[in-house]
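Colleague: okay, structure incoming, though there's no sequence with it:
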Ligand code: SF4
C-alpha cells in the first residue's frame, strides 16, 4: 500500500515574491537585458537561476553599475542610503520591496521621529532587518528571542516601541513580545501584527499538517527565513521535519516506515519544486495526494513604478481580513504614493 501525502494550502509564492519576480521580467522586457538586481531578489536559487538565464545580473551592491542602468531592489527592502546611492549614480530604480516590508519601514521611521527607543524582533543578519534598521534610530536594538530580551540594556521604565520582521514564527514572536512586556510594561507593540499574512497562513497550514503527518517536508532555501520557520513550527508540533531546497536533497531513508507525509513550501519557493517532490512520492511510494487547505489567499500587489526621484514609496492602505480560522486571508495594498525622503516615480 502506498503512502498518503497531505499538501499544504496555501504554500509557496506570496504576493510580494510574485510582484518582485514580475518586476524583473517586466523590466527586462521594457528596458532590455541586462537589468541588474541588488542582492538575492528572493531567497531561492531556482528563481535566481531562471532570472539570470533571462538576462538579470545579480549584484551585491550597486556601486559599480554603469550610469543609467536599471536596477531592481529586492523584496526584502533596503535602507534610505541605498536609494540615495542610486540617485547619486543616476540609476533607473525599480523598487520591488514588498509593500508589507515598506509598512514596517514606515513604522520604524515614525518611532524614530518621535524619539522613542525601538526594539526590532528579528534576525540582525537578515536583509530585511538590515534595511529596516536604516529607518530606525541609531540606538535601535534587535532581539531574536526571549534570552536576548533579558540582555537588553535599556533604562528601567523605558517605553520602547516594538516592530518585528515580517517572516518570524508567530508563536515565538508572541512569547518574545510577552517577555518585552514583562521587562518594560510601558512597551508599545504593533496595533497589527508585522508578521505578514503569507507567513501566518503558511504556518497555520503546516500546523494543520502536523496534526496527522508523521514526517513533514518543507521545500525552500536554507537562507529563507519563512521556510526555516515552517520547519521549526512543524518540529515544535512534535513532527519530524526537514527543510530541503529541492528533490535532490530528499533522503529516501526519511520515508522508511512513514505512512503520512506532509509537504509544504516557503513563500519564495516556485511550485515546480513542490511538483517534483510530489511526483517522486507518487512514482516511488505510490502516494495518494490530498490538499489540506486552511485558508484561500486572494492577495495581489500593484507592480512597482520606476523610481526616478528621491522620495519614498509607501502603501496607502494595508488591510488584513481575517478568515474563519483567524488567519489573515486577504490583504489589500493600494498603489504606492510618494512621501518626502525616499524615492518614487
Ligand atoms: Fe511580503 Fe510576506 Fe512575501 Fe515577505 S513573505 S515578500 S513580507 S508577503
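Modeller: Received the coordinates, thanks. Everything numeric in this text was worked out from a predicted model, so none of it was measured. Numbering: from 1, shown residues only.
Colleague: what about the helices in the protein?
Modeller: 15-31, 45-54, 80-88, 99-113, 127-133, 146-151, 170-183, 197-210, 225-236, 271-285 (DSSP state H).
Colleague: quick check: which of these is buried the most?
Modeller: Compared across the helices of the chain, helix 197-210 shows the largest average neighbour count, a mean of 25 (mean count of other CB atoms under 10 Å). C-betas here are computed from N, CA, C, even on glycine.
Colleague: just checking, what packs against that helix?
Modeller: strand 4-9, helix 170-183, strand 215-219, helix 225-236, strand 260-265, strand 288-293, strand 328-333 (3 or more CB pairs under 8 Å, 6 or more residues apart in numbering; DSSP states H and E).
Colleague: and those: which comes nearest the ligand?
Modeller: helix 225-236 (5.4 Å; CB to the nearest ligand atom).
Colleague: could I get the helices of the chain as CSV with distance to the ligand?
Modeller: Shown next, in CSV, are these (distance: least, CB to the nearest ligand atom, whole Å):
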stretch, distance to the ligand
helix 15-31, 2
helix 45-54, 12
helix 80-88, 17
helix 99-113, 4
helix 127-133, 8
helix 146-151, 22
helix 170-183, 13
helix 197-210, 4
helix 225-236, 5
helix 271-285, 15
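Colleague: need these in CSV (columns: mean pLDDT).
Modeller: Formatted as CSV, those follow (pLDDT from 0 to 100):
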stretch, mean pLDDT
helix 15-31, 96
helix 45-54, 97
helix 80-88, 96
helix 99-113, 96
helix 127-133, 97
helix 146-151, 96
helix 170-183, 94
helix 197-210, 97
helix 225-236, 96
helix 271-285, 98
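Colleague: please name the residues that touch residue 150.
Modeller: Residues near residue 150 by CB atoms under 8 Å, 6 or more residues apart in numbering: 179, 183.
Colleague: any idea how far it lies from residue 180?
Modeller: 10 Å (CB to CB, to the nearest Å).
Colleague: residue contacts, the residue of the stretch 101-250 of the chain found nearest the ligand?
Modeller: Residue nearest to the ligand within the stretch 101-250 of the chain: residue 196 (3.1 Å; CB to the nearest ligand atom). With contact set as CB under 8 Å, 6+ apart, residue 196 has these partners: 14, 16, 98, 100, 166, 167, 331.
Colleague: what are the phi and psi values for it?
Modeller: When read as degrees, to the nearest 10, the backbone of residue 196 gives phi -70, psi 160.
Colleague: per-residue confidence at it?
Modeller: Predicted confidence (pLDDT) for residue 196: 96.
Colleague: residue 193 now?
Modeller: For residue 193, pLDDT reads 74.
Colleague: so, low pLDDT: which residues of the stretch 201-345 of the chain?
Modeller: Across the stretch 201-345 of the chain, the ranges flagged by pLDDT under 70 are 307-345.
Colleague: interface residues of it facing the ligand?
Modeller: Contact residues (CB under 6 Å from any ligand atom) of the stretch 201-345 of the chain with the ligand: 226, 267.
Colleague: next, count neighbours for the residue in the stretch 201-345 of the chain that the ligand sits nearest to.
Modeller: Nearest residue of the stretch 201-345 of the chain to the ligand: residue 267, at 4.0 Å (CB to the nearest ligand atom). Look at residue 267: counted by other CB atoms under 10 Å, it has 31 neighbours.
Colleague: if we ignore the residues flanking it in sequence, what's nearest it?
Modeller: Closest residue to residue 267 apart from its sequence neighbours, by CB to CB, 6 or more residues apart in numbering: residue 14 at 4.0 Å.
Colleague: first-to-last residue distance for stretch 257-270?
Modeller: Stretch 257-270 has an end-to-end distance of 29 Å (criterion: CA to CA, to the nearest Å).
Colleague: before we move on, back to that, can I get the contacts of residue 196 in CSV with distance to residue 62?
Modeller: Below are the contacts of residue 196 laid out as CSV (distance: CB to CB, whole Å):
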residue, distance to residue 62
14, 25
16, 21
98, 19
100, 24
166, 23
167, 24
331, 30
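Colleague: from the residues you listed, which two are the most distant?
Modeller: Using CB to CB, the pair of those lying farthest apart is 167 and 331, separated by 14.6 Å.
Colleague: okay, those two: which has more neighbours?
Modeller: Set residue 167 next to residue 331 and count neighbours by other CB under 10 Å: residue 167 wins out with 30 against 24.
Colleague: correct me if wrong: that one contacts residue 123.
Modeller: No. Using CB atoms under 8 Å, residue 167 is not in contact with residue 123; the gap is 9.2 Å.
Colleague: who touches both of those two?
Modeller: Joint contacts of residue 167 and residue 123 (CB under 8 Å, 6+ apart) are residue 225.
Colleague: care to break the chain down by domain?
Modeller: Listed by automatic domain parsing, the domain ranges of the chain are 4-14+196-334, 16-97, 100-183.
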